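>>> Kindly return the folded structure for what I paste below:
(one chain, ligands or ions: 1)
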Amino acid sequence: MSKLIEVLTKDGSYSLKSISFQENFHSLLGALEETKIKFTAPSDLQRFKGKSLNVLDICFGLGYNSASLLDELIKQKSYLNLFALEIDKKPLEYSIKNKSFLKLWAPKIKKIFESLHQNNYFEDPFFKCKILWGDAREKINIIPAANKFDLIYLDGFSPQKCPQVWTIEFLSKVTEKLNPQGYLITYSSSAAVRKTLRNLGLEIFSIKPGINDCGFWSQGTVAIAKFDKNKLKLNLNFEKLSVMEEEHLLTKASIPYRDHNLNSRRDDIIKKRLDEQLLSNLVSTKKWRKKWGMTKSAFKS
Ligand SMILES: C[S@@+](CC[C@H](N)C(=O)[O-])C[C@H]1O[C@@H](n2cnc3c(N)ncnc32)[C@H](O)[C@@H]1O
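A predicted model of the protein is given here:
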């Protein structure tokens, strides 16, 4: 059973902390701010003004990323086909009862979320939304193969706490679901995740830190499938990896998480990677951190 504790973040928005994963759902600086900077802004939603798009939200949680997306799409009259994956119903139960959370969005979001909670489904002329409850590693297989996504949000707990959703095998399934030029967006700037996405053939970009984010060198990663630079409109929210970030991908930190049959336990995935790191000839991550004057706190993956 999951045990969750309510957390008030610095921008006044509410979030949760998971006792079983020993991690907060959002940065303590602000749950709302995190969603806006790390997921909504890099999505380039203006591309879909008056048009339709397909989105997959992995690790739906309280639903900040989907709510912010829906809120923007209501304003610009887009049509959406949304799939969400989540293992635990409690965060959604919490958000549909939390007035402060609901007040952040257009009233229609409450209707959509209540319907997702009761029927796992919502449909009106603009939006078709479906939530699949269970382990994302399994439930991703239920999404019909014909469904390809323009945007995939990946918002699991950190790779060290929940490596199950950051392995080569899972990311390979996820990236197969991207449309050409589709974006996979995550808050993670972990070298293992970035290197895996690059090895899967995606072009990777770094989400730029905001003006108030001194101390952070990146706010996450955008990975683009079948990247064609002529089709990519200038996006002010993400950029090519810096030399420092590229060098990060040459260190032992870039050794991937593996889960051959997509059913391993956390500890087994972590142990396997540690064993591989011990045998590896790659540059030590400590050396890289020292070279770039990195403190542990500036280095959240
Ligand atoms: C960092 S929180 C997500 C935050 C969320 N996007 C939000 O807006 O609240 C991570 C979520 O991943 C879920 N989760 C953990 N392991 C999972 C798995 N194997 N499959 C699906 N969801 C999982 C947790 O229940 C939790 O809700």
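>>> The residue of the chain found nearest the ligand: what's it in contact with?
Nearest to the ligand in the chain, going by CB to the nearest ligand atom, is Gly61, at a distance of 2.5 Å. From N, CA and C alone the C-beta is placed, and that goes for glycine too. Applying CB atoms under 8 Å, 6 or more residues apart in numbering, one finds that Gly61 lies in contact with 16, 25, 86, 91-92, 155.
>>> three-state assignment of it?
Under the three-state scheme (DSSP: H, G, I helix; E, B strand; the rest coil), the conformation of Gly61 reads as coil.
>>> which parts of this protein sit against the ligand?
25, 59-65, 85-88, 91, 135-137, 155-157, 162, 164-165 (CB under 6 Å from any ligand atom).
>>> Give me the buried subset of the residues you listed.
Buried residues within the residues of the chain next to the ligand, defined by neighbour count using 16 or more other CB atoms under 10 Å: 25, 59-65, 85-88, 91, 136-137, 155-157, 162, 164-165.
>>> what's the closest non-adjacent residue to Leu53?
In space, not counting the residues next to it along the chain, Leu53 is nearest to Asp150; the distance is 4.5 Å by CB to CB, 6 or more residues apart in numbering.
>>> any idea which element the one you found lies in?
Under the assignment given by DSSP states H and E, the secondary-structure element containing Asp150 is strand 149-154.
>>> what packs against that strand?
Helices and strands touching strand 149-154, as assessed by 3 or more CB pairs under 8 Å, 6 or more residues apart in numbering; DSSP states H and E, comprise strand 52-58, helix 64-75, strand 178-186.
>>> helices and strands around the second one, which ones?
Meaning helix 64-75. So helix 64-75, by 3+ CB pairs under 8 Å, 6+ apart, packs with helix 31-35, strand 52-58, strand 79-86, helix 107-119, strand 127-133, strand 149-154.
>>> what do you get if the cut-off is 7 Å, keeping everything else the same?
Under the contact definition 3 or more CB pairs under 7 Å, 6 or more residues apart in numbering; DSSP states H and E, helix 64-75 sits against helix 31-35, strand 52-58, strand 79-86, helix 107-119.
>>> which strands and helices sit next to the second one?
For strand 52-58, the elements it packs on are helix 64-75, strand 79-86, strand 149-154, judged by 3+ CB pairs under 7 Å, 6+ apart.
>>> Could you pull out the strands in the stretch 201-301 of the chain for me?
203-207, 220-224, 238-239 (DSSP state E, counting those that start in this stretch).
>>> who does the last one pair up with?
Same thing as strand 238-239. Taking DSSP bridges as the criterion, strand 238-239 sits next to strand 203-207 (antiparallel) in its sheet.
>>> one step back: adjacent strands (with direction) for the strand holding Asp150?
Counting by DSSP bridges, the strands paired with strand 149-154 are strand 52-58 (parallel), strand 178-186 (parallel).
>>> model confidence over that strand, on average?
Model confidence over strand 149-154, given as mean pLDDT, is 98.
>>> So what touches that strand?
Under the contact criterion CB atoms under 7 Å, 6 or more residues apart in numbering, strand 149-154 has outside partners 39, 43, 53-59, 65, 165, 174, 177-179, 182-186.
>>> quick one: which of the strands paired with strand 149-154 is nearest Lys99?
Distance to Lys99, taken as CB to CB, is lowest for strand 52-58 among the strands paired with strand 149-154, at 22.7 Å.
>>> May I see the buried residues of that closest one?
Result for strand 52-58 [16+ other CB under 10 Å]: buried residues 53-58.
>>> for Ile255, what are its contacts?
Here Ile255 is in contact with 192, 273, 276-277, 280 (criterion: CB under 7 Å, 6+ apart).
>>> can you count the residues close to Ser15?
Using other CB atoms under 10 Å, the number of residues around Ser15 comes to 26.
>>> next one: Glu239
By other CB under 10 Å, neighbour count at Glu239 equals 14.
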